[in-house]
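In: Provided below are the primary sequence and the corresponding predicted coordinates.
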Amino acid sequence: MSAKIELSVIVPVSESRYDGTQELYLEYKQALETTGLNYELIYVLDGPYPDVELALTKLIESGEEKLRIIKLAKYFGEATALKAGFKHSSGELIMTLPAYQQIQSDELPRLIALCDAKVDMVVARRWPRLDSVFNRLQSKVFNQILEGLTGADFKDLGCSVRVLKRRVVDEIHLYGDQHRFLPALAYRHGFKIVEEDVQQSQKDAFQRVYSVGVYVRRLLDLLSVFFLIKFTKKPLRFFGLVGVSIATFGGLILLYIIGDRLFAGVPLGNRPALMLSSLFVVLGAQIVSIGLIGEMIIFTHAKKIKEYTVEEIIN
Amino acid sequence: MDLSVIVPFYNEEACIEDMYNALVGALEPTGYSYELLFVDDGSKDATFDKAKEIALKNPRLRVIKFRRNYGQTPAMAAGIDHARGRILVTMDGDLQNDPADIPLFLEKMDEGYDIVVGWRHKRQDKLITRKIPSKIANWIIGKVTGVPIKDNGCSLKAYRADIIKKIPLYSEMHRFIPAMASLSGVRIAEIKVNHNARTTGVSKYGLSRIYKVLLDLLTIKTIVSFASRPLVWFGYIALVMGLVSVIAFICAMLLLSEAESGVAMMGVSVLFAFLMTFLMLSGVLCELIYKTGDQKVEDLSEMTSEEICYTTSNKN
């Protein structure tokens, strides 16, 4: 291939959800061909997936020259897999697709066309939903919490079909499980994002009930993104508020029972409230000092962390 | 280049051209070589287009456009990062500061000061919501940081570029730049400046939440006094906690009457001893952070130090 790649399509294969590799590839290919862009399609295997690898190598052997495979040596998480894909691709326009049927693939050209000069990122939203009420409810709760925490109003972050410009991924540092939050993070960086309704695939319509561990992890992910966005620069604003409140609460009780001892003669030594209030004071002081440690970290690294994103400089 | 003037703008399409003209009018007679840096803080109106129009005709004006609104401190930080002058002047973009004051700042800088801050002595703002809270805040900031400045909130300031570029500027720190800068032992001067009432647009800053300023102050105090020796700072507090622990221990042993059990008091003593240990270890952690970090107070000392030469005047 001598022509410049215009569009890089990245399909991360991570955790266990992937199906019908060969059919899916052919579907994607068919949809991408209609755009007329010079594209590459990169599968990133996040660890060993022998069956997927086998299916893909067979496809390459059969003459699919636009298909590439990147294999990570172990499981790193989907965000890392995506980053590996970004790094090895060269297109100015990037599209991420799930390794399973999530949307009707004939919608893809429409999404790509939407990502024009004025837009930095197009996020697909599965609508109308074909799947069960339970699925919709859990995804609604997730998106609502995220909106409450970050102010980024997205309806369907569970859909991993996204089209974005390369400058978006150059600027945003993703790690762990943050791939889900890419639109929210991009929004915080001031990129222009469009959410577009697309037809959900029939095969995506089964009911999904995850284990408790998955829900806990999602919740912690949300929390980590929240802190990342709100308090990275001012850890003491958060730790200080929590710590000072707890310590004040404990301190007030402590004052009250000491007053009782001094003026009313109520014995102090055998009151459980003494233990409790001291505990609160100690806890509060510890939380504040953790906040101060955070401030030290920020102070010593502040010159490296850019707080703003520049769109354009003239002269 | 002698001078860079940094002006953040947020939705100021009405006064950006006046600002430019006023600045050129004030700076041209000084004979300094200068550049103007307009930072568009993600304005929603035509601020950027107007600035661009002027900049394309006048190469002395540089415009930085943010992707979204980040606030005043990041806007100034961006200006400082991109400035090329030897002296940097920052000011508000709403014409409340008077560009005609800039030459006074330059004079002061030439006298050998490293930072010159403006003092809006006849401030044109509402008394109750703006002036009184700011008076109190300035008094507290002065007491806590040990840098008594009458008007920390005035944006019109001049800095030696090499010093301000080394000073971390983040979040809402622009209020505390003089305090932060005092880390390096800078010479700070304060001069009276004009303050105009707003002619166009609306004020974008209301009463800010008090807890933020208080916690920021705690941060600044910690950093300014103890950045290079955090163990000492944590050590002091740990000592106090140790004292509480000892008092509680003595209470448990002696003071309690027989009707009271000493067990709970003993527990309190142990708890505070734990806290003392925790604080000491936090101090050690901070030493580690300081050692591995990039921001070193020692580096700042080099810029403000000078060699004093004694000239023996009674030679003859």
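Out: Okay, I see it. Keep in mind the model is a prediction, meaning the values are calculated, not measured. Numbering: from 1, shown residues only, chains lettered A, B, ... in the order given.
In: At which residues are the helices of chain B located?
Out: B:16-27, B:47-57, B:72-82, B:102-110, B:132-145, B:161-164, B:177-181, B:210-226, B:230-250, B:263-292, B:297-304 (DSSP state H).
In: CSV for these, including distance to A:Gly36?
Out: For every residue, glycine as well, the C-beta is placed using N, CA and C. Formatted as CSV, the entries for the helices of chain B read as follows, by distance: least, C-beta to C-beta, whole Å:
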stretch, distance to A:Gly36
helix B:16-27, 43
helix B:47-57, 34
helix B:72-82, 40
helix B:102-110, 57
helix B:132-145, 61
helix B:161-164, 51
helix B:177-181, 54
helix B:210-226, 53
helix B:230-250, 61
helix B:263-292, 52
helix B:297-304, 56
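In: For those helices, could you give me CSV that also reports mean neighbour count, distance to A:Arg68 and mean pLDDT?
Out: Formatted as CSV, the helices of chain B follow (neighbours: other C-beta atoms under 10 Å in any protein chain shown; distance: least, C-beta to C-beta, whole Å; pLDDT from 0 to 100):
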stretch, mean neighbour count, distance to A:Arg68, mean pLDDT
helix B:16-27, 18, 49, 92
helix B:47-57, 19, 40, 92
helix B:72-82, 22, 38, 91
helix B:102-110, 18, 58, 93
helix B:132-145, 16, 57, 84
helix B:161-164, 18, 48, 90
helix B:177-181, 23, 50, 84
helix B:210-226, 19, 48, 82
helix B:230-250, 18, 50, 92
helix B:263-292, 19, 39, 91
helix B:297-304, 14, 47, 79
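In: Looking at these, which is nearest to A:Val119?
Out: When these are ranked by distance to A:Val119, counting by C-beta to C-beta, first place goes to helix B:47-57 at 18.4 Å.
In: Please work out the angle formed by the directions of the closest one and helix B:16-27.
Out: For helix B:47-57 against helix B:16-27, the angle by axes from the mean of the first three to the mean of the last three C-alpha atoms, to 10 degrees is 40 degrees.
In: then stretch B:74-81 to CSV, C-alphas only?
Out: Written as CSV, here are the backbone C-alpha positions of stretch B:74-81 (Å, rounded to 0.1, in the frame of the first residue of the first chain):
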residue,chain,number,x,y,z
PRO,B,74,-4.8,28.8,33.4
ALA,B,75,-5.2,31.7,31.0
MET,B,76,-2.4,33.7,32.6
ALA,B,77,-0.3,30.5,32.9
ALA,B,78,-0.6,30.0,29.1
GLY,B,79,0.4,33.6,28.5
ILE,B,80,3.4,33.2,30.8
ASP,B,81,4.4,29.9,29.1
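In: Spatially, and excluding backbone neighbours, which residue is closest to A:Val242.
Out: The shortest distance from A:Val242 to any residue that is not its chain neighbour, by C-beta to C-beta, 6 or more residues apart in numbering or on different chains, is 5.5 Å, and that residue is A:Ile287.
In: nope, A:Tyr28 is what I meant
Out: With sequence-adjacent residues excluded and distances taken as C-beta to C-beta, 6+ apart, A:Tyr28 is closest to A:Ser105, at 5.7 Å.
In: How about the contacts made by the one you found?
Out: Neighbour list for A:Ser105: A:27-28, A:30-31, A:201 [criterion: C-beta atoms under 8 Å, 6 or more residues apart in numbering or on different chains].
In: Ok, A:Leu182 next?
Out: The neighbourhood of A:Leu182, defined by C-beta under 8 Å, 6+ apart, consists of A:162, A:164, A:172, A:174.
In: Secondary structure element holding the closest residue to the last one other than its chain neighbours?
Out: To tie it back to what came earlier, the one meant is A:Leu174. Closest residue to A:Leu174 apart from its sequence neighbours, by C-beta to C-beta, 6+ apart: A:Ala79 at 4.3 Å. Counting by DSSP states H and E, the secondary-structure element that holds A:Ala79 is helix A:78-88.
In: repeat for A:Pro12
Out: Under the assignment here (DSSP H and E), A:Pro12 is part of strand A:7-13.
In: How confident was the prediction at the residue nearest to A:Tyr28?
Out: A:Ser105 is assigned a pLDDT of 88 by the prediction.
In: That one and A:His173: what is the separation?
Out: Distance of A:Ser105 to A:His173, given as C-beta to C-beta, to the nearest Å: 30 Å.
In: try A:Gly151
Out: 20 Å.
In: Same question for A:Lys306.
Out: Counting by C-beta to C-beta, the separation of A:Lys306 from A:His173 is 11 Å.
In: The residue in the stretch 201-315 of chain A that chain B sits nearest to - nearest residue in space that isn't next to it in sequence?
Out: With C-beta to the nearest C-beta, the shortest gap between the stretch 201-315 of chain A and chain B falls at A:Thr300, namely 2.3 Å. Nearest in space to A:Thr300, with sequence neighbours left out and distances taken as C-beta to C-beta, 6+ apart, is B:Gly293 at 2.3 Å.
In: What is the burial count for the one you found?
Out: Other residues near B:Gly293 come to 18 when the count uses other C-beta atoms under 10 Å in any protein chain shown.
In: residue contacts, it?
Out: A:296-297, A:299-301.
In: pLDDT at the residue lying closest to B:Asn152 once chain neighbours are set aside, what is it?
Out: Spatial nearest neighbour of B:Asn152, chain neighbours left out: B:Arg175 (5.0 Å); criterion: C-beta to C-beta, 6+ apart. At B:Arg175 the predicted local distance difference test score is 77.
In: what residue ranges in the stretch 1-150 of chain A score low on pLDDT?
Out: Low-confidence regions of the stretch 1-150 of chain A, defined here as pLDDT under 70, cover residues A:1-2, A:16.
In: residue in the stretch 151-300 of chain B nearest to chain A?
Out: Of all residues in the stretch 151-300 of chain B, B:Gly293 sits closest to chain A, at 2.3 Å by C-beta to the nearest C-beta.
In: B:Arg120 against B:Ile149, yeah?
Out: No: using C-beta atoms under 8 Å as the test, B:Arg120 is too far from B:Ile149 to be in contact (11.9 Å).
In: thinking again about what came up before, Three-state assignment for the residue of the stretch 201-315 of chain A closest to chain B, please.
Out: Assigned by DSSP: H, G, I helix; E, B strand; the rest coil, the conformation of A:Thr300 is helix.
In: and it, what is it in contact with?
Out: The neighbourhood of A:Thr300, defined by C-beta under 8 Å, 6+ apart, consists of B:289-290, B:292-295.
In: mind redoing it with 6 Å?
Out: Taking C-beta atoms under 6 Å, 6 or more residues apart in numbering or on different chains as the criterion, A:Thr300 is in contact with B:289-290, B:293, B:295.
In: was I right about the residue nearest to A:Val242 contacting A:Phe239?
Out: Yes: contact status for A:Ile287 versus A:Phe239: in contact at 5.3 Å, counting by C-beta atoms under 6 Å.
In: Looking at these two, which one has more neighbours?
Out: For the pair A:Ile287 and A:Phe239, the greater number of neighbours falls to A:Phe239 (22 against 19), based on other C-beta under 10 Å.
In: what sits against that one?
Out: If you count contacts by C-beta under 6 Å, 6+ apart, then A:Phe239 has A:287, A:290-291 around it.
In: try 7 Å this time
Out: Neighbour list for A:Phe239: A:287-288, A:290-291, A:294 [criterion: C-beta atoms under 7 Å, 6 or more residues apart in numbering or on different chains].
In: Beta-bridge partners for the residue nearest to B:Cys154 when sequence neighbours are not counted, please?
Out: Using C-beta to C-beta, 6+ apart and skipping residues adjacent in sequence, the residue nearest B:Cys154 is B:Gly118, 4.3 Å away. B:Gly118 has the following beta-bridge partners by DSSP bridges: B:Ile191.
In: was I right about B:Gly118 contacting B:Lys157?
Out: Yes: here B:Gly118 reaches B:Lys157: they are 6.2 Å apart, a contact under C-beta atoms under 7 Å.
In: Among those two, which residue is more densely surrounded?
Out: Just comparing B:Gly118 and B:Lys157: by other C-beta under 10 Å the higher neighbour count belongs to B:Gly118, 29 against 26.
In: now the stretch 201-315 of chain A, which segments are flagged as low pLDDT?
Out: Scanning the stretch 201-315 of chain A for pLDDT under 70 picks out nothing.
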